[in-house]
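**Q** With the input below, show me the fold.
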Amino acid sequence: MITLSYFGYKKVLSKTSNENTYYGIVEAETVNASFEIAGRIKEIFVQEGQEIKEGDKLASLDSKEGEIKFEIANLSKEGALNELDRVKEGSRREEIDIQKALVEQAKSQVEQGQALLNQARNNLNIAKINLDYKRKIYEDYKELYDKNSISKFELDNAKINWI
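**A** As a prediction, this is how the structure comes out:
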């Protein structure tokens, strides 16, 4: 009796299962398909009515344009790697010597400019000393003229020398 009731209970449970199986055909006239890159379709891998799954290849693109872009990218990469190697290796000896010569030339020009600046400062100091000396001479002549010790002509000469 227990065995019969177990099998009867199982049969009732199996009829109340949530699984349903349906059979049929789905028809579609338009399917939107897209590729990760733009291009012309070269080949279609599926036929009408064929069963497909997610991830199946449906078509391929003409790869000529992609191959050209790939080659350009490879050439750019190679150029960048060559430039990197050149930088890592350092400049050639000739380039280093040219740059050293340019640096030495610039240093020489700076030193020459500094020497000219020092000379100009010295000339300015000498001119100030001379001006002060000539002003003192004129002031002395002016004092002598005010005391009627020298002539107007001598005072004018002192003024000319001061200016």
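**Q** need the strands for the protein, in chain order.
**A** For the chain, applying DSSP state E gives strands covering 41-44, 59-61.
**Q** Any idea which of those gets closest to residue 51?
**A** Smallest distance to residue 51 across these (CB to CB): 15.6 Å, for strand 41-44. All C-beta spots, glycine's among them, are computed from the backbone N, C-alpha and C.
**Q** which helices and strands sit right next to that closest one?
**A** Here strand 41-44 touches strand 59-61, going by 3 or more CB pairs under 8 Å, 6 or more residues apart in numbering; DSSP states H and E.
**Q** Could you pull up the mean pLDDT of the strand it packs on?
**A** What strand 59-61 shows for mean pLDDT is 71.
**Q** let's number from 769 now, not from 1
**A** All set: I'll call the first residue 769, so the last point we hit is now strand 827-829.
**Q** Poorly predicted segments of this structure, please.
**A** Low-confidence segments of the chain (pLDDT under 70): 769-807, 829-831, 833-834, 855-856, 858-859, 931.
**Q** need the longest helix for it.
**A** Ordering each helix of the chain by length in residues (DSSP state H) puts helix 861-914 first.
**Q** I'd like the distance between residue 814 and residue 823.
**A** 13 Å (CB to CB, to the nearest Å).
**Q** Ignore what I typed, I meant residue 916.
**A** Remark: distance between residue 916 and residue 823 (CB to CB) = 124 Å.
**Q** for the strands of the chain, which one ends up most surrounded?
**A** Stretch with highest mean neighbour count among the strands of the chain: strand 827-829 (a mean of 14; mean count of other CB atoms under 10 Å).
**Q** hang on, the earlier thing: counting by contacts, list what the longest helix of the chain packs against.
**A** If contacts are counted by 3+ CB pairs under 8 Å, 6+ apart, helix 861-914 sits against helix 920-930.
**Q** and the angle for the helix it packs on with helix 861-914?
**A** Put simply, helix 920-930 runs at 160 degrees to helix 861-914, going by axes from the mean of the first three to the mean of the last three CA atoms, to 10 degrees.
**Q** mind listing what's buried in helix 920-930?
**A** Neighbour counts over helix 920-930 (16 or more other CB atoms under 10 Å) mark 923, 926, 930 as buried.
**Q** show me the contacts for residue 909.
**A** Neighbouring residues of residue 909 by CB atoms under 8 Å, 6 or more residues apart in numbering: 918, 922, 923, 926, 927.
**Q** of those residues, closest to residue 837?
**A** Taking CB to CB as the measure, residue 837 sits nearest to residue 927 out of the contacts of residue 909, at 88.2 Å.
**Q** Surely the closest one touches residue 907?
**A** No: in this structure residue 927 lies outside contact range of residue 907 using CB atoms under 8 Å: 10.6 Å.
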